[in-house]
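*Asks:* A structural model of the following input is requested.
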Amino acid sequence: TQDAKKELMAYTRLSENESVFQTPKPTALIRRVLSLATEAIGVDEWVLDFFAGSGTTGHAVLAQNHADGGSRKFLLVECNAYFDTLLLPRLKRAARSPEWKEADRADGPGLFMRVQRLEQYEDALENLAVTAGENQSLFTGPEALAYELDAEAKRLLFASSSFTAPFGLTLKHIAGADVETGPVDLVESLIYLLGLHVERLYREQGSVIITGALNRSRQTAAVFWRDNVLHGADWLQAKMADHPADRYYTNDPARLSFPGVERFAAIETVFVEGMA
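*Replies:* Modelled structure (predicted):
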């Protein structure tokens, strides 16, 4: 564990007194487990650690993939504050360099990592800052605490103006004694509501294109969430040609008229049916 502690301090820039882990696991031990329990080449295997601690498991997966050319992925779960101060910095540096020494080289495997933060549904509702008003949306309304998503809050949430573009919306929420404004990830929410296994996602002039397969029906699906000002019928027709699919989704299709528009389901409807 002494070697493990030195490794942890090197990757997090913490001193021995600052570290909350006195006996961290060495990555060499976890890498040995991975070499015995997983395939290196040709199999996309998942390594799960539901008590991630300092991130040794993720670090070991990166190092072992770098050593043997493997394609293992990791899923880590941690609820303590050192997730931000210790675990994430360590994984970023491990992705940059397998032997971290003040960033003297960047020959590591690299990393695409999604960070998902969860809270209880009841806590999320209690923290919403919602109030009724003329031409207001849940994402921009004045500060007022709502303990349940009532009919008025639903009306504001599902206002058509909220779906004119996939990015740039914010949500006011209670944080201690203050009200803070944070971004709303409508794109990620839509993926969950559809039950979509994403194969490709990219942006184009304020819009987002997502392709994949619906988990329930196994049908292929393409989502073209467009900025209504920038993209219209011609853009959608071009995207349909580029991304053929069994099911198509876009925002506000009722205002469009072109051959094939009847194949589009409305993104607004997905939210109303999935959340109302």
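
*Asks:* Check the gap between the spatially closest residue to residue 69 that is not a sequence neighbour and residue 210 for me.
*Replies:* Closest residue to residue 69 apart from its sequence neighbours, by C-beta to C-beta, 6 or more residues apart in numbering: residue 41 at 6.1 Å. (Each C-beta comes from the backbone N, C-alpha and C, glycine too.) Taking C-beta to C-beta, to the nearest Å as the measure, residue 41 falls 30 Å from residue 210.

*Asks:* Among those two, which residue is more densely surrounded?
*Replies:* residue 210 (22 against 8; other C-beta atoms under 10 Å).

*Asks:* looking at the protein, which helix or strand is least sure?
*Replies:* None of the helices or strands of the chain scores lower by mean pLDDT, DSSP states H and E than helix 151-157, at a mean of 53.

*Asks:* Show me what the helix or strand just after that one packs onto, helices and strands only.
*Replies:* Tracing the chain C-terminally past helix 151-157 and defining elements by DSSP states H and E, one meets strand 170-175 next. Other elements packing on strand 170-175 under the criterion 3 or more C-beta pairs under 8 Å, 6 or more residues apart in numbering; DSSP states H and E are strand 178-183.

*Asks:* Strand 170-175 and the strand it packs on, what's the angle between them?
*Replies:* 150 degrees (axes from the mean of the first three to the mean of the last three C-alpha atoms, to 10 degrees).

*Asks:* Name the residues of whichever helix in the chain runs longest that come out as buried.
*Replies:* For the chain, the helix that runs over the most residues, judged by DSSP state H, is helix 56-68. With burial defined by 16 or more other C-beta atoms under 10 Å, the residues of helix 56-68 counted as buried are 56-66.

*Asks:* now swap in stretch 269-276 and tell me
*Replies:* Under 16+ other C-beta under 10 Å, the buried positions of stretch 269-276 are 270-271.
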